[in-house]
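Colleague: Everything below, folded, please.
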Amino acid sequence: MMRLFRSQTRIAAAVLLVAAALVPVVSSDVYWYNVIATGLVFGVLAMSLDLQWGYSGIINLAPAMSFGLGAYSWGIVGDRIEGIGGTYVALLAAAAVPALLGAVVAFVSFKAGTREIYFALITLALTLVLEQVALAATGLTGGSNGLLGIAWPEIGIPGAFEIVFDTPESYYYLVVVLTAIAFVVCTALVSGRFGSILAAIRESEHRAETLGYSTLRYRVAISTIAAALAGVAGMAYAPLTGIVDPSVFGVALSVQVFVWVAVGGAGTLLGPLVAALLITAGQSSLTGSSATAYLLVIGVVFILIVLFLPGGLASVGERLRRLRRGRLTALTPAPPAAPTPQEAQGEGQP
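Modeller: Numbering: from 1, shown residues only. Model (predicted):
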């Protein structure tokens with residue numbers, strides 16, 4: 001059953017990404033290119049939190065911390081190094097800087113035996129500190145004005161060929177490809193032995209240690225990977241908005257990421273991706289009529305999901321299958337009960 005569920009999830013993800021890739025074919029609205037691309041980038045950010053929370057049981061209250069570091073890394077490096085070399089260096093920095101911080105925080109916290117709730121508070125405090133640093137370091141980050149004129153990425157071989165993603169349509173396709181790669185990598189990561197060990201640690205850390213697994217090593221590893229993935233998402237977000245300001249470290253964004261994962265279904269990858277895409281698109285639609293309507297709608301949806309569908313949208317299919325099996329069982333007549341020894345003996349007498 002689990003193998004069937006995984007194959008259906010991969011098919012659904014493939015259909016979603018192919019549909020996203022066909023959007024420019026059926027529409028030339030640049031506004032929706034930006035909206036859907038932003039939703040996909042946020043979906044990658046949601047998957048990074050899902051790796052920690054859904055698959056590993058690690059509560060990181062500030063996924064925006066790594067997201068913001070990736071965005072600023074891209075903006076700062078891209079402003080100083082131009083061309084294809086700048087893109088490659090910025091990509092490396094966007095993944096490495098948050099990964100290094102994530103690894104250090106996880107190692108120090110879990111090595112000291114920090115409880116999950118305190119680890120969560122540490123991440124929250126760090127993102128607040130980084131937000132203040134971004135505001136204060138005007139010469140490097142632009143202060144409250146942020147970094148303007150974010151460079152477009154370029155790929156290729158210097159001196160041979162190069163592709164510049166400097167139009168909304170071309171950058172949209174780059175985001176779709178990046179999302180597909182992120183989903184494939186994350187799926188491969190959690191589907192193998194590594195994912196099974198993470199699940200074991202999530203269910204019982206003591207039992208996993210008894211079996212000989214180093215829970216510290218695996219927790220640090222998944223925290224590092226999740227931070228790098230969030231950093232890449234931040235890097236992809238910067239050219240979409242054309243500006244990187246301290247709000248990328250904001251608590252509001254971290255709360256939104258938790259909503260996406262909870263609504264989509266923690267521990268599914270596809271669920272958070274779809275939820276981030278749908279909620280971002282819905283937010284863009286509702287803000288045109290009311291600046292606060294989307295907050296009300298998202299709040300109500302989140303409460304209903306938590307109360308009546310704790311597994312998120314990804315669990316709807318399984319619930320429907322269970323309901324159908326229950327109805328079939330109720331409609332199937334029960335087999336006749338076997339006679340008791342006394343009844344059998346009585347039937348044998350004349």
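
Colleague: Tell me which helix or strand comes right after the longest helix seen in the chain.
Modeller: Secondary structure of the chain per DSSP state H: the longest helix is helix 83-111. Next in sequence after helix 83-111, counting helices and strands by DSSP states H and E, comes helix 116-136.

Colleague: Give me the average confidence score over that next one.
Modeller: Mean per-residue pLDDT for helix 116-136: 94.

Colleague: What is it packed up against?
Modeller: When contacts are defined as 3 or more C-beta pairs under 8 Å, 6 or more residues apart in numbering; DSSP states H and E, helix 116-136 packs onto helix 63-80, helix 83-111, helix 138-141, helix 251-264. Just so you know, the C-beta spots here come from the backbone N, C-alpha and C atoms, and that holds for glycine as well.

Colleague: So for Thr241, which of those sits nearest?
Modeller: Judged by C-beta to C-beta, the one of the helices and strands packed on helix 116-136 that comes nearest to Thr241 is helix 63-80, at 8.8 Å.

Colleague: what angle separates that closest one from helix 116-136?
Modeller: Calculated by axes from the mean of the first three to the mean of the last three C-alpha atoms, to 10 degrees, helix 63-80 forms an angle of 30 degrees with helix 116-136.

Colleague: Could you check how far helix 63-80 is from the centre of its chain?
Modeller: The gap between where helix 63-80 is centred and where its chain is centred comes out at 18 Å by C-alpha atoms, centre = their mean, to the nearest Å.

Colleague: okay, the angle between it and helix 83-111?
Modeller: Using the same axes, to 10 degrees: helix 63-80 against helix 83-111 is 150 degrees.

Colleague: Just the CA coordinates for stretch 256-263, please, in PDB.
Modeller: Output in PDB follows, covering the C-alpha atoms of stretch 256-263 (Å, rounded to 0.1, in the frame of the first residue of the first chain):
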ATOM      1  CA  GLN A 256       3.000  30.900   6.600                       C
ATOM      2  CA  VAL A 257       5.400  28.100   5.900                       C
ATOM      3  CA  PHE A 258       3.900  26.100   8.800                       C
ATOM      4  CA  VAL A 259       0.400  26.800   7.500                       C
ATOM      5  CA  TRP A 260       1.400  25.400   4.100                       C
ATOM      6  CA  VAL A 261       2.900  22.200   5.600                       C
ATOM      7  CA  ALA A 262       0.000  21.700   7.900                       C
ATOM      8  CA  VAL A 263      -2.600  22.300   5.300                       C
END
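
Colleague: Check the helices and strands packed on helix 116-136 for me and report the most buried one.
Modeller: Highest mean neighbour count of the helices and strands packed on helix 116-136: helix 63-80, a mean of 27 (counted as mean count of other C-beta atoms under 10 Å).

Colleague: Give me the angle between that helix and helix 251-264.
Modeller: Put simply, helix 63-80 runs at 120 degrees to helix 251-264, going by the same axes, to 10 degrees.

Colleague: So for helix 63-80, mean pLDDT?
Modeller: Mean predicted lDDT for helix 63-80 stands at 93.
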